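Asks: make a model of this:
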Amino acid sequence: MTSDVQIPDPLDLERDEEARLRAAAGLAPAPRPAGEYAGFESVGLPDRPPETEREEELYTLAEGEMLVNMGPQHPSTHGVMRLVVKVRGEVVIDIDPVLGYLHRGIEKLCEEATYTTVLTYVDPMDYLASMHNEHAPAIAFEKLFGVRAPRRAEYIRALVVELNRVFSHGLMMGFLALDMGGLTPILYSFINRDEIVDMLSAISGQRMLFNFFRVGGVNFDANDEFFSRLGKWRAGVHRQRGLPGPHDRDGRPLRPGGDLAGRLGAEPAGVGRAVRRAQGASLLDLPRAGIRGHHPAGRRLERALPAAHRRDQAEHPPH
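Replies: Below is the predicted model of the structure:
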């Protein structure tokens, strides 16, 4: 079925309105050069030819039409959005949402930066996991230069990265529940996040973009305030384990997986160790190379983690 509605050309509307105003003022019509609006046929078009039928449809412009690229931008949701909009004047003729698009130009920025500056640039790539963003290039640069961080620095790195992971995945669970209609879990997630951020702020001086890692170590040593907050937070977390599990809006408990998706093994799904640990996988079954870095102290940390995990389970069994 075709529509009988005809979209007027905004250019004609503008010309008619201008002619009416000029006539009312007693002025002669404005002269219109033949090439006044020439060039619209190439505005916004990509340099490459269309690759799909949809692109060919979108990129075929009639007289007076042009493409406007909106984004990529953050629309205050869980991702970044880009819209390719075909317009005629101020009338939107067509629109093509480009999903899954995340571009910060970080690789290009780092080409002109020093190694230390790169650690600052990567902080906002994922502002809920800034410690992780810094950890990866720090290890890469240390391997490049043949530098090893001191043992204490390796321990501090592992500690702050794990704390960052806990509040990052906690927010993920809270937002998941919020999208399913539950408000309470996101409140607990932010309470937990604030407590951990207070800890990381005590050791780094920042609350979001920590700028804590350095090539060969960390920016500051762990202090008494950090360990004091860590002890209080740990005690509170164990008390929260007695709370009821997540439920949907009808009061039905959500099982692991949430009955929302099919099951797929970790390796085929490309799930890394941080995500597997967040869903309860045993520390004994997971590679810990990312935790220990490449320092001998990391191997001692690797042996200590399973023992600490078993001791923690014995002291605070799940309800």
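Asks: show me the shaky parts of the stretch 1-150 of the chain.
Replies: Applying pLDDT under 70 to the stretch 1-150 of the chain flags residues 1-15, 31-47, 74-79, 100-104.
Asks: what segments of it are helices?
Replies: Per DSSP state H, counting those that start in this stretch, the stretch 1-150 of the chain carries helices over the ranges 10-24, 53-59, 106-111, 115-121, 130-145.
Asks: out of the ones you listed, which one sits most buried?
Replies: Most buried of the helices of the stretch 1-150 of the chain, by mean neighbour count (mean count of other Cβ atoms under 10 Å): helix 130-145, with a mean of 19. The way it works is simple: take the backbone N, C-alpha and C, and place the C-beta from them, glycine included.
Asks: out of the helices of the stretch 1-150 of the chain, nearest to residue 93?
Replies: Within these, the stretch nearest residue 93 is helix 53-59; the backing value is 9.6 Å (Cβ to Cβ).
Asks: that closest one - contacts with which helices or strands?
Replies: Identification of packing neighbours for helix 53-59 by 3 or more Cβ pairs under 8 Å, 6 or more residues apart in numbering; DSSP states H and E yields strand 91-98.
Asks: pairing partners for the strand it packs on, with directions?
Replies: Neighbouring strands of strand 91-98 in its sheet, by DSSP bridges, are strand 81-88 (antiparallel).
Asks: how about the strand it pairs with as PDB, C-alpha atoms only?
Replies: Once non-C-alpha atoms are left out, strand 81-88 reads as follows in PDB (Å, rounded to 0.1, in the frame of the first residue of the first chain):
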ATOM      1  CA  MET A  81      24.300   4.900  19.500                       C
ATOM      2  CA  ARG A  82      25.000   6.200  16.000                       C
ATOM      3  CA  LEU A  83      22.200   7.300  13.700                       C
ATOM      4  CA  VAL A  84      22.600   8.000   9.900                       C
ATOM      5  CA  VAL A  85      19.800  10.400   9.100                       C
ATOM      6  CA  LYS A  86      18.600  11.300   5.600                       C
ATOM      7  CA  VAL A  87      17.000  14.800   5.700                       C
ATOM      8  CA  ARG A  88      15.400  17.200   3.200                       C
END
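Asks: pLDDT at the nearest residue to residue 220 once chain neighbours are set aside, what is it?
Replies: If the residues on either side of it in the chain are set aside, residue 220 comes closest to residue 203, at 5.9 Å by Cβ to Cβ, 6 or more residues apart in numbering. The model reports residue 203 with a pLDDT of 94.
Asks: any idea how many residues pack against residue 203?
Replies: 24 (other Cβ atoms under 10 Å).
Asks: try residue 93
Replies: 17.
Asks: is it true that it touches residue 67?
Replies: No: contact criterion Cβ atoms under 8 Å: residue 93 and residue 67 do not qualify, at 10.0 Å.
Asks: tell me, what's touching the two both at once?
Replies: 86, 87 (Cβ atoms under 8 Å, 6 or more residues apart in numbering).
Asks: hmm, back to that, relative to residue 179, which of the helices of the stretch 1-150 of the chain is closest?
Replies: Closest among those, using Cβ to Cβ: helix 130-145, at 23.5 Å.
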